[in-house]
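In: what shape does this take:
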Amino acid sequence: MSLKCNVQRNDLIEGLSSLQNITSKRGTLAVLSNIMIEATSNGLILTGTDLEVGLRLFVPAEVESIGSLTLPSKKIFEIVRESGSESIFLEETDNSWVNIQAGASTYNLAGIGSDEFPAFPEFDEDSFTSFEAFIFLDLIDKVIFSIAGEQENIYSLTSVLMEKDKREGVSYLKMISSDGHRLSIMEKDVAIDVDDFYLNEVTLIPKKGIQELRKFCENRDTIDLSFEKKQMVVRDGDAVMVIRLKQGEFPQYKAIVDSVVLDNCIKINRVPFLESLKRINLFTEDIFHTIQLQLDGQQMVLTSQNADLGNAKDEQKIDYSGVPLTLGFNCRYFIETLQVMECETVEAYISSENSPCLMKSNDDEGFISIVMPMQL
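Out: Prediction:
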């Protein structure tokens, strides 16, 4: 049968918007740039996938005739977004073409048959655990900035490692990311018992999946989550997302954390320090963003130099009783860490000019950031 339905613009635009990031990547299969639209007796099912992340949504609609086809994701989204009509009428014509009527506007859009669209992954319906959505928003926001880019040679660093833990009867979920030069760790206590929550021995969620998981959690109170050997499934009501997990090993991050000696503490006001770093970064070299930090008594002197532009210097008051140190770091790494923290005072631990810097605070419970030094 041929698809024929009438759908409210606001309902359709919300569904199409959620699928744009997933279908925007240019792949080897042309159909992956399309959205599958299935008209059922109850409404429309919209599906998008890039074979790494798949999302299936339900949109209420008045269906006159059931059927399915795929339409270009970006173009159907643009048509509906620019429409001034409250409702959109879709009718399939010959060879997977669709006639679209939106108020006084009429469009004819070429689609691709639904038989060419990849099947949505199957999953175990009985293995879900319910979590409060804000838990994952907090976890993701504290680690997403330090995930390695796709050009990274160590494949597993382009993902987030997810773990569970239980201490003194309290259950925790933890996310860890690293790009080889810095390490971010965030853990949150959860209300449920994680003993029965399945995770693989090494559970690696790709960066694209982390980004889409964050979007999924926005404006939701709870989500249902399930991990299987090769995929992660998250759902809420009529929305289901499947994320293909990456395989491999993750660096032994606990050994890095344990190697930092916590007896040489620098206390500094976060916001003034962040503003100072942004000023100093104006004169760093574009690739490495190298700055020099000089610690002596109650003062930190920040300097940067650019061969083409000149140099910059800034001073900050600190609480420090250790020996004078001259340190080199990537300024951007400090900026991005401080931007996700919420405290008034940052505690930075560094024992020598060649040792990593660990940052944390009592107000950012569960969060640790470690930045490796640079040679000046």
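In: surely residue 375 is in a helix?
Out: No - under the criterion used here (DSSP: H, G, I helix; E, B strand; the rest coil), residue 375 is coil, not part of a helix.
In: so what's it up against?
Out: residue 328 (Cβ atoms under 8 Å, 6 or more residues apart in numbering). From N, CA and C alone the C-beta is placed, and that goes for glycine too.
In: also residue 132?
Out: Here residue 132 is in contact with 190, 191, 221, 222 (criterion: Cβ under 8 Å, 6+ apart).
In: hmm, which of those residues are the buried ones?
Out: For the contacts of residue 132, a burial check counting by 16 or more other Cβ atoms under 10 Å picks out residue 190.
In: which of the contacts of residue 132 sits closest to residue 197?
Out: Nearest to residue 197 among the contacts of residue 132 is residue 190, at 8.8 Å by Cβ to Cβ.
In: how much space separates the closest one from residue 325?
Out: 39 Å (Cβ to Cβ, to the nearest Å).
In: could you identify the most distant pair in the contacts of residue 132?
Out: Farthest pair in those, by Cβ to Cβ: 190 and 221, 14.6 Å.
In: tell me the pLDDT of the residue lying farthest from the centre of the chain.
Out: The outermost residue of the chain relative to its centre, with distances by Cα atoms, centre = their mean, is residue 94 at 40.5 Å. For residue 94, the model assigns a pLDDT of 90.
In: so residue 268, which of the three states?
Out: strand.
In: what's the separation between it and residue 260?
Out: From residue 268 across to residue 260, the span is 17 Å (Cβ to Cβ).
In: out of the two, which sits in the more crowded spot?
Out: For residue 268 and residue 260, the more surrounded residue by other Cβ atoms under 10 Å is residue 268, and the numbers stand at 20 against 16.
In: now do the contacts for that one.
Out: Neighbour list for residue 268: 300, 316, 317, 318, 319, 345, 346, 348 [criterion: Cβ under 8 Å, 6+ apart].
In: with residue 344 instead?
Out: 269, 270, 271, 363.
In: show me where pLDDT drops low in the protein?
Out: In the prediction, the chain carries residues with pLDDT under 70 at positions 152-153.
In: where along it do the helices fall?
Out: 9-23, 73-82, 133-143, 207-217, 253-259, 270-280, 331-340 (DSSP state H).
In: in TSV, list those helices along with mean neighbour count.
Out: Converted to TSV, the helices of the chain look like this (neighbours: other Cβ atoms under 10 Å):
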stretch	mean neighbour count
helix 9-23	19
helix 73-82	17
helix 133-143	20
helix 207-217	20
helix 253-259	13
helix 270-280	18
helix 331-340	20
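In: adding distance to residue 158, write those helices out as JSON lines.
Out: Formatted as JSON lines, the helices of the chain follow (distance: least, Cβ to Cβ, whole Å):
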{"stretch": "helix 9-23", "distance to residue 158": "17"}
{"stretch": "helix 73-82", "distance to residue 158": "24"}
{"stretch": "helix 133-143", "distance to residue 158": "13"}
{"stretch": "helix 207-217", "distance to residue 158": "6"}
{"stretch": "helix 253-259", "distance to residue 158": "15"}
{"stretch": "helix 270-280", "distance to residue 158": "26"}
{"stretch": "helix 331-340", "distance to residue 158": "17"}
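In: out of those helices, the one nearest residue 123 is which?
Out: Judged by Cβ to Cβ, the one of those that comes nearest to residue 123 is helix 207-217, at 14.6 Å.
In: residues in contact with the closest one?
Out: Counting by Cβ under 8 Å, 6+ apart, 18, 21-22, 50, 52-53, 55, 133-134, 136-137, 140-141, 144, 147, 150, 158-160, 205, 223, 232, 234, 236, 239, 241, 243-245 sit against helix 207-217.
In: hey, where'd the strands end up in the stretch 201-350 of the chain?
Out: 203-206, 222-227, 231-236, 239-244, 265-269, 290-296, 299-306, 310-317, 325-330, 345-349 (DSSP state E, counting those that start in this stretch).
In: my error: substitute the stretch 1-150 of the chain in the last question.
Out: Using DSSP E, counting those that start in this stretch, strands in the stretch 1-150 of the chain cover 4-8, 34-39, 43-49, 53-60, 62-65, 67-72, 87-92, 97-102, 105-110, 129-132.
In: so which of the helices of the chain is nearest residue 111?
Out: Per Cβ to Cβ, nearest to residue 111 of the helices of the chain: helix 73-82, 8.9 Å.
In: give me the packing partners of the closest one, helices and strands only.
Out: Helices and strands touching helix 73-82, by 3 or more Cβ pairs under 8 Å, 6 or more residues apart in numbering; DSSP states H and E, are helix 9-23, strand 34-39, strand 97-102, strand 105-110.
In: a markdown table for the strands of the stretch 201-350 of the chain, including distance to residue 154?
Out: A markdown table is the format used below for the strands of the stretch 201-350 of the chain (distance: least, Cβ to Cβ, whole Å):
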| stretch | distance to residue 154 |
| --- | --- |
| strand 203-206 | 12 |
| strand 222-227 | 23 |
| strand 231-236 | 21 |
| strand 239-244 | 19 |
| strand 265-269 | 30 |
| strand 290-296 | 23 |
| strand 299-306 | 29 |
| strand 310-317 | 34 |
| strand 325-330 | 18 |
| strand 345-349 | 26 |
